[in-house]
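K.L.:
next one to model:
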Amino acid sequence: MPSINHEGPIEVIRKQPRIAAVLAQRAGVPIPDGVEVTLGSNDASNVVPAEFTADSVAVIRDRATGDPLRLVIVEPQGRMAEEKEYAWPAYIANLRAAHRCKSAVLIVVCWDEAEAGKCRQPIHLGHPGYILIPIVVGPRSAPIPDDPWLTIFCGAIGAIDLETGSGCTMVIDAIVATDSNETDSRTLLGIIMGRASADARRKLEELIMTTTEFRVDFIDRAVEQASVAAKAEGMAAGLAEGLAEGKAEGKAEGKAEGKAEGKAEGLAEGRAESVVIVLGARGFRLSPEQDEMIRSCADVSQLNLWLNRAGTAASVEDVFKD
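P.N.:
Numbers count the residues shown, from 1 in each chain. Predicted structure coming up:
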């Protein structure tokens with residue numbers, strides 16, 4: 001199963017294909033005005049008994065005629081492998097023929113800077129002048145994140161430091177700025193959560209709790225529960241401290257206890273939601289029993305363990321193994 005490092009940048013491009021064109025343009029590839037960018041078929045197989053499937057193909061078309069002007073093939077790569085010397089030229093040649101497009105470029109996205117250097121090595125195909133030099137985008141060579149979608153893409157490949165408050169703020173603000181629906185917002189958050197370290201995830205969760213525009217489910221549920229009873233109001237005040245002032249009435253009995261319990265519950269709920277989001281972003285489907293097991297767990301250390309596994313596990317079962 002592909003890792004969140006591999007799937008994250010591709011999912012951003014699926015949500016916003018324009019980013020593939022931006023990557024090509026920032027790498028020096030001319031992109032004409034008056035075009036539209038859509039996803040295209042990524043099947044680069046030909047008549048020989050071998051399968052070549054690119055990770056993402058964006059088709060840049062003339063907006064008036066619909067004619068394809070350029071293909072941008074995006075290939076996330078964590079480790080350079082010998083077979084890529086054969087697969088990458090095939091992607092360009094076969095996809096160029098499949099889409100009947102005369103111009104195609106390959107962009108390799110590499111979240112490991114050392115491996116990025118290896119991916120930049122020229123591939124000599126033997127024919128005079130026929131040398132493929134992949135365009136590689138890595139943490140140190142990523143474009144300036146001056147666009148919300150580009151910011152999320154940079155966060156997904158480690159080009160934004162999520163260990164800092166400013167880095168976390170940048171990606172959360174970017175997700176808000178995309179004005180995506182709830183499902184897509186959860187997916188984008190899952191990509192970033194899956195990429196972040198445990199400390200960075202805590203920073204992100206704290207930031208989400210204080211970003212009123214970013215209404216994820218676990219905040220909404222906490223606020224709704226706050227109106228049920230006085231003790232719940234006290235708990236929500238602890239959980240959503242800084243978001244809203246607790247109501248004055250009914251807090252006397254449960255406020256002190258509620259704050260402590262609310263913070264603990266809020267932390268557990270946040271961790272549980274992160275586990276669900278990360279697994280969903282990686283394409284895993286939870287059974288109702290697994291979803292309930294995660295959401296009902298109040299043990300933060302257990303949830304942290306599941307969350308750490310969620311970013312790399314090959315299956316849902318691997319997340320919950322003893």
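
K.L.:
ranges for the helices of the stretch 201-322 of the chain?
P.N.:
217-226, 230-239, 255-281, 288-296, 300-310, 316-319 (DSSP state H, counting those that start in this stretch).

K.L.:
list the helices and strands the last one packs on?
P.N.:
Counting by 3 or more Cβ pairs under 8 Å, 6 or more residues apart in numbering; DSSP states H and E, the packing neighbours recorded for helix 316-319 are helix 255-281, helix 300-310. (C-beta placed from N, C-alpha, C; glycine too.)

K.L.:
buried residues, that helix. List them.
P.N.:
Neighbour-count burial for helix 316-319 flags 316, 319 (criterion: 16 or more other Cβ atoms under 10 Å).

K.L.:
gap between it and the chain center?
P.N.:
20 Å (Cα atoms, centre = their mean, to the nearest Å).

K.L.:
now the weakest link among the helices and strands packed on helix 316-319, please, by mean pLDDT.
P.N.:
For those, mean pLDDT drops lowest on helix 255-281, to a mean of 68.

K.L.:
quick one: low-confidence parts of the stretch 101-250 of the chain?
P.N.:
210-250 (pLDDT under 70).

K.L.:
how about the strands in it?
P.N.:
Per DSSP state E, counting those that start in this stretch, the stretch 101-250 of the chain carries strands over the ranges 104-109, 123-124, 131-132, 135-137.

K.L.:
which one of the ones you listed is the most hemmed in?
P.N.:
Sort the strands of the stretch 101-250 of the chain by mean neighbour count, taking mean count of other Cβ atoms under 10 Å, and strand 135-137 sits at the top with a mean of 24.

K.L.:
so what touches that strand?
P.N.:
23-24, 27, 29, 105-110, 116, 119-120, 143, 157 (Cβ atoms under 8 Å, 6 or more residues apart in numbering).

K.L.:
show me what counts as buried in stretch 195-213.
P.N.:
Neighbour-count burial for stretch 195-213, counted by 16+ other Cβ under 10 Å, picks out 195-196, 200-205, 207-209, 211.

K.L.:
sorry, slip of the keys, the one I care about is stretch 13-33.
P.N.:
Across stretch 13-33, burial judged by 16+ other Cβ under 10 Å covers 13, 15-24, 26, 29.

K.L.:
tell me the two of those residues that are most distant?
P.N.:
The span of the buried residues of stretch 13-33, defined through Cβ to Cβ, is set by K15 and V29 at 21.8 Å.

K.L.:
between the buried residues of stretch 195-213, which is closest to D67?
P.N.:
Each of these was scored against D67 by Cβ to Cβ, and R195 proved nearest at 37.0 Å.

K.L.:
contacting residues for the closest one?
P.N.:
4-5, 8, 155-156, 158, 162, 311.

K.L.:
list the contacts of the spatially most central residue of the chain.
P.N.:
Nearest to the mean C-alpha position of the chain, by Cα atoms, centre = their mean, lies I191 at 2.7 Å. Contacts for I191 (Cβ under 8 Å, 6+ apart) come out as 4, 7-8, 11-12, 152, 155-156, 281.

K.L.:
whichever of those end up buried, select them in ChimeraX.
P.N.:
A single ChimeraX command is used to select the members of the contacts of I191 judged buried by 16+ other Cβ under 10 Å:
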select :4,7,8,11,12,152,155,156,281
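
K.L.:
how much space between D55 and T169?
P.N.:
Noted for D55: a distance of 29 Å to T169, by Cβ to Cβ, to the nearest Å.

K.L.:
give me the more crowded residue out of these two.
P.N.:
Neighbour tally, D55 and T169, criterion other Cβ atoms under 10 Å: the higher count belongs to D55, 18 against 14.

K.L.:
and the more buried one, what pLDDT?
P.N.:
What the model reports as pLDDT for D55 is 81.

K.L.:
repeat that for L23.
P.N.:
92.

K.L.:
which one of the buried residues of stretch 13-33 sits closest to T38?
P.N.:
P17 (5.8 Å).

K.L.:
next one: the longest strand anywhere in the chain to chain centre, how far?
P.N.:
Longest strand of the chain, by residue count under DSSP state E: strand 68-76. Distance, stretch centre to chain centre, for strand 68-76: 20 Å (Cα atoms, centre = their mean).

K.L.:
now the next helix or strand after it: average pLDDT?
P.N.:
Downstream of strand 68-76, the first helix or strand assigned by DSSP states H and E is helix 84-98. Helix 84-98 shows a mean pLDDT of 91.

K.L.:
check which helices and strands helix 84-98 is in contact with.
P.N.:
strand 68-76, strand 104-109, strand 123-124, strand 131-132.

K.L.:
now the ones you listed in a markdown table, with distance to T187?
P.N.:
Formatted as a markdown table, the helices and strands packed on helix 84-98 follow (distance: least, Cβ to Cβ, whole Å):
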| stretch | distance to T187 |
| --- | --- |
| strand 68-76 | 17 |
| strand 104-109 | 18 |
| strand 123-124 | 34 |
| strand 131-132 | 33 |
